[in-house]
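Trainee: I need the structure of the sequence given here:
(chains A, B, C and D)
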There are 2 protein chains.
Amino acid sequence: MRETNNKEEKQFWKDYDPSQFKKPSMAVDTAIFTILDSELHVLMIQRDEHPFKDQWSLVGGYIDIEKDHSLEDTAKRKLKEKTGVDTPYLEQVETVGNNTRDPREWTVSTSYFALLPSENIRLKSGKGASNIEWIKISSYQSIDLAFDHQYILTKCLERLKAKSLYTTLPINLMPESFTMSELQRIYEIILGKTIQQKSFRRRIKNSDILMETGEMKATGKRPAAFYKIKEEAQTHFFTRTIESLS
Amino acid sequence: MRETNNKEEKQFWKDYDPSQFKKPSMAVDTAIFTILDSELHVLMIQRDEHPFKDQWSLVGGYIDIEKDHSLEDTAKRKLKEKTGVDTPYLEQVETVGNNTRDPREWTVSTSYFALLPSENIRLKSGKGASNIEWIKISSYQSIDLAFDHQYILTKCLERLKAKSLYTTLPINLMPESFTMSELQRIYEIILGKTIQQKSFRRRIKNSDILMETGEMKATGKRPAAFYKIKEEAQTHFFTRTIESLS
DNA sequence: TAAATAGTGTCTTTAAGACAATATCTA
DNA sequence: TAGATATTGTCTTAAAGACACTATTTA
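Mentor: Next up, the predicted model:
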């Protein structure tokens, strides 16, 4: 019986021809976020090839099934190429696949967003991109982006904002060490509203993901305590969302 | 100038050959959930082809770029084929792509979960599936599922459970009309724990997505009010999660 | 009337909101 | 000392938890 199955299976492998199905093309696009000048920015590339030549797009590209072991590998490879950063916070958002997003053919794109501390980023241009730039989030809606990147970027932003209401995700935008006021400012930039200082510090303290470094930051006025993320710390999920309107 | 660009673009289109890239195969897999006999069940199909012949798998299949306009179309087509249901609640969960999940080649699978009221489901076997069955969630971990469907199903379940803690998602598992106790029971089955009756009714009342039908259900004891979902109702998001341990 | 299920009243608890008060620095 | 920023104290509020109590049915 087992013998029979094996023969049958061998025959199957012999007959199998992967090229018999028409396949869609498969890409990965990443919204790479960072904070610059007290504003949320996303990394965009100006295409130097058709389609959508000269228009701006998210960082992305086709899966290279020779180089990439997984989808996330593709995202990381592109990210490394453009920013030099190896291991940022990376979260998958949504996969869009249809026959209208690319004029050439049926395509699929899986989108991610990445969070980078603004320190130590060296941008690199390269093949397929004549220009690479940090675009202010406040201005992306007035730019005519390539493919459906307007939609994808909106979804990535919505995810980032929604999760910032009940998790410690934004710590991934912070440098090695930082003050409470700096962290609160990042939350406020993402959410687009101010937060009660006392509530904020209580939440972060309860999450138990930070520790004081012992250093103080000289701010010109009263110095502020420096914090860093604990070694074992994972993203913390609160049981209530931030609701303040102030 | 515009003229020049047009010529350049036309040349590009002439040269373009979509078959020049090696593409991964692209599938959609859906965890179709329903409640039967006071337990959460998922629809599984026993494969009658290699690879993973005779093993159980989620409902899914390759994108058919002739038939399907979008990824969601693929999910809906497969769901209709197997259950006869047209428009269930459908939510995308995660896309997995790598060179290990399928022994044949680099493949990508986008997973969804669907919620079906247990009424009016007529299962259909068909090509590629010798057997189709509702499997109890309490037993799926002891079954050796095809591909990485163990992982995918776990992710779908986690999403369903997590969202049931702070949304009205589970109403999509209910029939046309139902009682509060019945709805609470569905929540308890999904979450695997009991909920304070008073808290539960307060939450649902506040969400303002239900209305009384005016009918009463004869339960043998005190009759219960029937409710139905309001026409305009969307999934409601609460600002706090259910925390009770009782 | 007892048993069972449906449904409500109400006190407690938790964590956020509001905002005032205090602390520590520089000019 | 005034001004600015950091940090804490504390009262209020919103919504969940706990649990007892009432309501309505059948046997």
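Trainee: now the terminal residues of stretch A:131-145, how far apart.
Mentor: Counting by Cα to Cα, to the nearest Å, you get 14 Å between the two ends of stretch A:131-145.
Trainee: distance from that stretch to the middle of the chain?
Mentor: 16 Å (Cα atoms, centre = their mean, to the nearest Å).
Trainee: ok, stretch A:31-41 next?
Mentor: 11 Å.
Trainee: give me the buried positions along it.
Mentor: A:Ala31, A:Ile32, A:Phe33, A:Thr34, A:Ile35, A:Leu40, A:His41 (16 or more other Cβ atoms under 10 Å in any protein chain shown). From N, CA and C alone the C-beta is placed, and that goes for glycine too.
Trainee: and the furthest pair within these?
Mentor: A:Ala31 and A:Ile35 (13.9 Å; Cβ to Cβ).
Trainee: need the next SSE after the strand ranked longest in chain A, C-terminal direction.
Mentor: Ranked by residue count and defined by DSSP state E, the top strand of chain A is strand A:25-36. Downstream of strand A:25-36, the first helix or strand assigned by DSSP states H and E is strand A:39-47.
Trainee: quick check: mean pLDDT of that following strand?
Mentor: Regarding strand A:39-47, the rounded mean pLDDT is 95.
Trainee: that strand to strand A:25-36, inter-axis angle?
Mentor: Calculated by axes from the mean of the first three to the mean of the last three Cα atoms, to 10 degrees, strand A:39-47 forms an angle of 140 degrees with strand A:25-36.
Trainee: could you say what helices and strands strand A:39-47 packs with?
Mentor: strand A:25-36, strand A:56-57, strand A:59-62, helix A:71-83, strand A:129-136, helix A:180-191 (3 or more Cβ pairs under 8 Å, 6 or more residues apart in numbering or on different chains; DSSP states H and E).
Trainee: and of those, who's closest to A:Arg203?
Mentor: Of all these, helix A:180-191 comes closest under Cβ to Cβ, at 9.8 Å.
Trainee: can you pull out the low-pLDDT segments for chain A?
Mentor: Along chain A, segments meeting pLDDT under 70 span A:1-21, A:120, A:124-130, A:245-246.
Trainee: who are the packing partners of the single longest helix found in chain A?
Mentor: Within chain A, and with DSSP state H defining each element, the longest helix by residue count is helix A:149-164. With contacts taken as 3+ Cβ pairs under 8 Å, 6+ apart, helix A:149-164 sits against strand A:25-36, strand A:89-98, strand A:107-115, helix A:180-191.
Trainee: most tightly packed of those?
Mentor: strand A:107-115 (a mean of 25; mean count of other Cβ atoms under 10 Å in any protein chain shown).
Trainee: quick one: strands adjacent to it?
Mentor: strand A:25-36 (parallel), strand A:89-98 (antiparallel) (DSSP bridges).
Trainee: orientation of it relative to helix A:71-83 in degrees?
Mentor: 60 degrees.
Trainee: my guess is A:Arg159 meets A:Glu91, correct?
Mentor: Yes. If you go by Cβ atoms under 8 Å, A:Arg159 and A:Glu91 touch, sitting 7.3 Å apart.
Trainee: in chain A, what residue comes closest to DNA strand C?
Mentor: Among the residues of chain A, A:Arg222 lies closest to DNA strand C, at 2.8 Å counting by Cβ to the nearest atom of the strand.
Trainee: re the thing from before, may I have the longest strand of chain A exported as CSV, CA atoms only?
Mentor: Presented in CSV, the C-alpha positions along strand A:25-36 are these (Å, rounded to 0.1, in the frame of the first residue of the first chain):
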residue,chain,number,x,y,z
SER,A,25,3.2,39.1,-11.1
MET,A,26,4.0,39.5,-7.4
ALA,A,27,5.5,42.5,-5.7
VAL,A,28,6.2,43.8,-2.3
ASP,A,29,5.8,47.5,-1.3
THR,A,30,6.8,49.1,1.9
ALA,A,31,5.8,52.4,3.5
ILE,A,32,9.0,53.3,5.4
PHE,A,33,8.2,55.8,8.1
THR,A,34,10.4,58.1,10.2
ILE,A,35,10.0,61.3,12.1
LEU,A,36,11.9,64.4,10.7
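Trainee: about what we covered before: reformat the helices and strands packed on strand A:39-47 as TSV; add distance to DNA strand D.
Mentor: TSV is the format used below for these (distance: least, Cβ to the nearest atom of the strand, whole Å):
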stretch	distance to DNA strand D
strand A:25-36	16
strand A:56-57	35
strand A:59-62	33
helix A:71-83	29
strand A:129-136	23
helix A:180-191	4
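Trainee: bridged to the spatially most central residue of chain A, which residues?
Mentor: By Cα atoms, centre = their mean, chain A has its centre lying nearest to A:Phe113, at 1.6 Å. Legend: beta-bridge partners of A:Phe113 under DSSP bridges are A:Ala31, A:Glu91.
Trainee: what about stretch A:136-146, how long is it end to end?
Mentor: 17 Å.
Trainee: how about the residues of chain A by DNA strand D?
Mentor: A:179-181, A:197-198, A:201, A:219-225 (Cβ under 7 Å from any atom of the strand).
Trainee: from the residues you listed, pick the one nearest chain B.
Mentor: Distance to chain B, by Cβ to the nearest Cβ, is smallest for A:Lys198 among the residues of chain A next to DNA strand D, at 18.7 Å.
Trainee: tell me the one of the buried residues of stretch A:31-41 nearest chain B?
Mentor: Closest to chain B, out of all of the buried residues of stretch A:31-41 and judged by Cβ to the nearest Cβ, is A:Ala31, at 15.9 Å.
Trainee: so that closest one touches A:Val42, yeah?
Mentor: Yes. If you go by Cβ under 8 Å, A:Ala31 and A:Val42 touch, sitting 5.3 Å apart.
Trainee: shared neighbours of these two, which are they?
Mentor: Both A:Ala31 and A:Val42 are contacted by A:Leu58, A:Leu153, under the criterion Cβ atoms under 8 Å, 6 or more residues apart in numbering or on different chains.
Trainee: get me the contact residues on chain A for chain B.
Mentor: Residues of chain A lying close to chain B by Cβ under 8 Å from any Cβ of the partner chain are A:5, A:8-9, A:12-13, A:16, A:18, A:21-26, A:49-50, A:53, A:62-63, A:65-66, A:69-71, A:92, A:94-100, A:104-106, A:108, A:110, A:239-241, A:243.
Trainee: contact residues of chain A facing DNA strand C?
Mentor: So chain A meets DNA strand C at A:195-199, A:202-203, A:206, A:216, A:218, A:220-223, A:238-240, A:242-246 (Cβ under 7 Å from any atom of the strand).
Trainee: same thing but 6 Å
Mentor: A:196, A:198-199, A:202-203, A:220-223, A:238-240, A:242-246 (Cβ under 6 Å from any atom of the strand).
Trainee: of those residues, grab the buried ones for ChimeraX.
Mentor: Per 16+ other Cβ under 10 Å, the buried members of those correspond to this ChimeraX selection:
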select /A:203,238,242
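Trainee: and for A:Arg159 and A:Glu91, which residues touch both?
Mentor: A:Phe113.
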